[in-house]
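> All I have is the shape, not the residue letters:
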């Protein structure tokens, strides 16, 4: 559905991405990596927030080349950045209405879509509250709502669970699993807990390269035998990273 | 409905621009109320303040959009980048334009209540709005790069200093390219094509900024070329590229007793205050002037051949009617401002009718300075008449009575024993004085009145 082909990105002399190939399919894909692995850069390029130095973003097999391609891509993609600066004076509803306008949602559909998005993130009762008066967890929900308001087929979430308490994190896991039933969801994280919560496909990124792309079970299998599944997952992740450092 | 700019910030920006629109004129409101072209000129000249304020507001909005993530979200828009960036520029510009209107409308209303003819010039206001919209967008660009506490002062200072430098070194260029035009012109206004060209120029600048933000490289290049092309005809604009407001320059005469006062329609606002002054003057000078006097404010002379022809016809008609026509360009001091100086009115009038060979406005000593160390100048016959006139019409004499101070008291003039001639002349009945004036009219009007003439007073 959506992917990257041989994408390179550098910041000065720092290589953020080195020839990344990636294909997202319906359901959840977890993008796992240490801090500085290039996850946010990958998300930015995938969502068109910044351009790649070389390589392509492809959708349904075709590279996005023209402004029109990118516009269509933006209309079909929802995006929740790691840092979510918000206009504090806007109400939740105004925030979603702004998002709906930016995503070119027809005015007649906007109200229904806003209602649906608010229900989906359990914020229907707080639609009139100013964003500046929301807690961190509520803000993150509002962020997801704005990413969903235009009913995209792809949703990209960069570190959505960082800074949330266990209860909120559990809510997020549940909500994203629900979301992945009818959408292609990419969740970027450095938390193994998130990988466990989303059984499905895992892509491990290290030093700007994809070093693993398979199921959660396959990553667990790379780890040492014995111990809890979380310990085996950590072991598998570290094993993958160690292999990537040895590899030329 | 949603607004990208926080309404509270928008209102503050609008109030700041409104204040800047009017602040430059605080203290001399009366000087433009009543004359539309004056009002337009003053509002236009406020660009020197409104532009930096608009740039600062733009910088603040730009910084806020970056800080609160709105700028970033625009990059992932599913709409045309043009539309998204146009909206981003339009909202701050609308607040700034609202501020300009908040400052402009009270001035219009105040003028409309007093002005006898004319109407505001909407093109002038539109040019101002267009320029402020572009400046606000440029300020947004600065705010998008710098934190607000740097961007706001930098944007305001750069623009203010830039305008100031141009005002001192390339004033003509500044007047041609911006709505800023502080040359007062009661009967003229900037030509429509100049204002239209300015509107298009600044909207093109705005479009270029929007194209830049929308990453439309080729369009941006074409628009920058467009800005250059639009600038070319404006380079030929000079402060004299103005259109005559014929209606404002048309003479309007009204009779009051033996006086007929003719003023251009734009200045008719001063008529109620001016008429009693000249009535008093003409009454006091019975015998020196004709029984019917027509005062013509001929400030409009040489504005156009048609105006000159109308003026000549007016003078001819009044003279044929037996009136003595006195041009106020020679005998008056009504400038373009609606508030006139009463002392000046009478000083100029009596100086025209009773010229003095040695009349001085300052305390300079004259050629007849006495040898006894007295620094006062010696009195002249005309001093007696002038002093009597000022006393008659209630204009104080002395050094501390304002700009047009007739310095005729004993501090400055040594009347000696001729002071009694002043007492004598003052004690005449109006009929006797008129008879004296009638007898010595020619000598007095030619500045050749003598002490002997004045001594006839006692006989």
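Cool, got the structure. Because the structure is a prediction, the values reported are computed rather than measured.

> quick one: contacts for residue A:121?
The neighbourhood of residue A:121, defined by C-beta atoms under 8 Å, 6 or more residues apart in numbering or on different chains, consists of A:141, A:142, A:144, A:145, A:148, A:175. (Glycine included, C-beta is placed from N, CA and C.)

> now residue B:12: how far from chain A?
13 Å (C-beta to the nearest C-beta, to the nearest Å).

> on that earlier part again, okay, and which of the contacts of residue A:121 map to strands?
Judged by DSSP state E, strands contain none of these.

> isn't residue A:234 right up against residue A:192?
Yes - counting by C-beta atoms under 8 Å, residue A:192 is a contact partner of residue A:234 at 5.7 Å.

> what's the closest of the contacts of residue A:121 to residue B:20?
Among the contacts of residue A:121, residue A:142 lies closest to residue B:20 (C-beta to C-beta), at 37.6 Å.

> What parts of chain A come near chain B?
Listed as neighbours of chain B in chain A under the rule C-beta under 8 Å from any C-beta of the partner chain: A:47-49, A:67, A:71-72, A:74-75, A:77, A:79, A:81, A:84-90, A:94-95, A:97-99, A:101-104, A:150.

> ok, of those, which come out buried?
A:47-49, A:71, A:74-75, A:77, A:79, A:81, A:84, A:86-87, A:89-90, A:94-95, A:97-99, A:101-104, A:150 (16 or more other C-beta atoms under 10 Å in any protein chain shown).

> Which members of those are positioned in helices?
Of the positions in those, A:47, A:71, A:74, A:75, A:94, A:95, A:97, A:98, A:99, A:101, A:102 sit in helices, assigned by DSSP state H.

> which one among these gets closest to residue B:413?
residue A:94 (78.6 Å).

> Serialize the ones in helices among the buried ones among the residues of chain A next to chain B to a markdown table and add fields for pLDDT.
Below are these laid out as a markdown table (pLDDT from 0 to 100):
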| residue | pLDDT |
| --- | --- |
| A:47 | 93 |
| A:71 | 93 |
| A:74 | 94 |
| A:75 | 93 |
| A:94 | 94 |
| A:95 | 94 |
| A:97 | 94 |
| A:98 | 94 |
| A:99 | 94 |
| A:101 | 94 |
| A:102 | 94 |
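
> so can I have CSV of these showing distance to residue B:44?
Below are these laid out as CSV (distance: C-beta to C-beta, whole Å):
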residue, distance to residue B:44
A:47, 47
A:71, 42
A:74, 43
A:75, 45
A:94, 37
A:95, 40
A:97, 39
A:98, 36
A:99, 41
A:101, 36
A:102, 38
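
> nearest to residue A:217, of the residues you listed?
Using C-beta to C-beta, these come closest to residue A:217 at residue A:47, 28.7 Å.

> and that closest one, what does it touch?
Residue A:47 neighbours (C-beta under 8 Å, 6+ apart): A:74, A:77, A:79, A:156, B:76.

> Show me those that map onto strands.
Among the contacts of residue A:47, the residues falling in strands (DSSP E) are A:77, A:79, A:156.

> mind listing what the second one touches?
The reference is to residue A:79. Neighbouring residues of residue A:79 by C-beta under 8 Å, 6+ apart: A:43, A:47, A:49, A:147, A:155, A:156, B:76.

> Distance of the closest residue to it other than its chain neighbours relative to residue B:213?
Nearest residue to residue A:79, sequence neighbours excluded (C-beta to C-beta, 6 or more residues apart in numbering or on different chains): residue A:47, at 4.4 Å. According to C-beta to C-beta, to the nearest Å, residue A:47 stands 19 Å off from residue B:213.

> how many other residues sit next to the closest residue to residue A:165 other than its chain neighbours?
If the residues on either side of it in the chain are set aside, residue A:165 comes closest to residue A:137, at 7.1 Å by C-beta to C-beta, 6+ apart. Applying other C-beta atoms under 10 Å in any protein chain shown, we find 17 residues neighbouring residue A:137.

> and residue A:137, that one's in a helix?
Yes - the assignment for residue A:137 by DSSP: H, G, I helix; E, B strand; the rest coil puts it in a helix.

> how about it, what does it touch?
Listed by C-beta under 8 Å, 6+ apart, the contact set of residue A:137 reads A:164, A:165, A:168, A:171.

> again, but for residue B:23
Counting by C-beta under 8 Å, 6+ apart, residue B:23 makes contact with B:46, B:49.

> Need the nearest residue in space to the residue nearest the centre of chain A, chain neighbours excluded.
In chain A, the C-alpha nearest the mean C-alpha coordinate belongs to residue A:157, at 2.3 Å (C-alpha atoms, centre = their mean). In space, and not counting its chain neighbours, residue A:157 is closest to residue A:80: 4.6 Å by C-beta to C-beta, 6+ apart.

> mind checking how far residue B:197 is from chain A?
In this structure, residue B:197 and chain A are 32 Å apart, going by C-beta to the nearest C-beta.

> and what of residue B:308?
On the measure of C-beta to the nearest C-beta, residue B:308 and chain A end up 61 Å apart.

> Contacts only, for the residue located most distally from the centre of chain A.
Most distant from the centre of chain A: residue A:226, at 31.3 Å, with distances by C-alpha atoms, centre = their mean. By C-beta under 8 Å, 6+ apart, the contact set of residue A:226 is residue A:232.

> Over to residue B:379?
Applying C-beta under 8 Å, 6+ apart, one finds that residue B:379 lies in contact with B:413, B:414, B:415, B:416, B:418.

> circling back: from the contacts of residue A:47, which one has the minimum pLDDT?
Across those, the smallest pLDDT goes to residue B:76, namely 86.

> Just give the nearest non-adjacent residue to it, would you?
In space, residue B:76 is closest to residue A:74, 5.2 Å off (C-beta to C-beta, 6+ apart).

> Now for the one you found: which residues touch it?
Residues counted as contacts of residue A:74 (C-beta under 8 Å, 6+ apart) are A:47, A:48, A:103, B:76, B:77, B:78.

> Tell me where the chain has strands.
If you meant another chain, say so; for now it's chain A. Along chain A, counting by DSSP E, strands occupy A:2-11, A:14-24, A:27-32, A:54-59, A:62-63, A:77-80, A:154-158, A:184-189, A:201-206, A:209-215.

> my bad, the chain I had in mind was chain B
Assigned strands in chain B, in chain order: B:188-190, B:242-244, B:251-256, B:259-264, B:293-296, B:324-327, B:377-378, B:413-414 (criterion: DSSP E).

> Pick out the shakiest of those, pLDDT-wise.
Note on the strands of chain B: lowest mean pLDDT is at strand B:377-378, with a mean of 82.

> Done for today, thanks.
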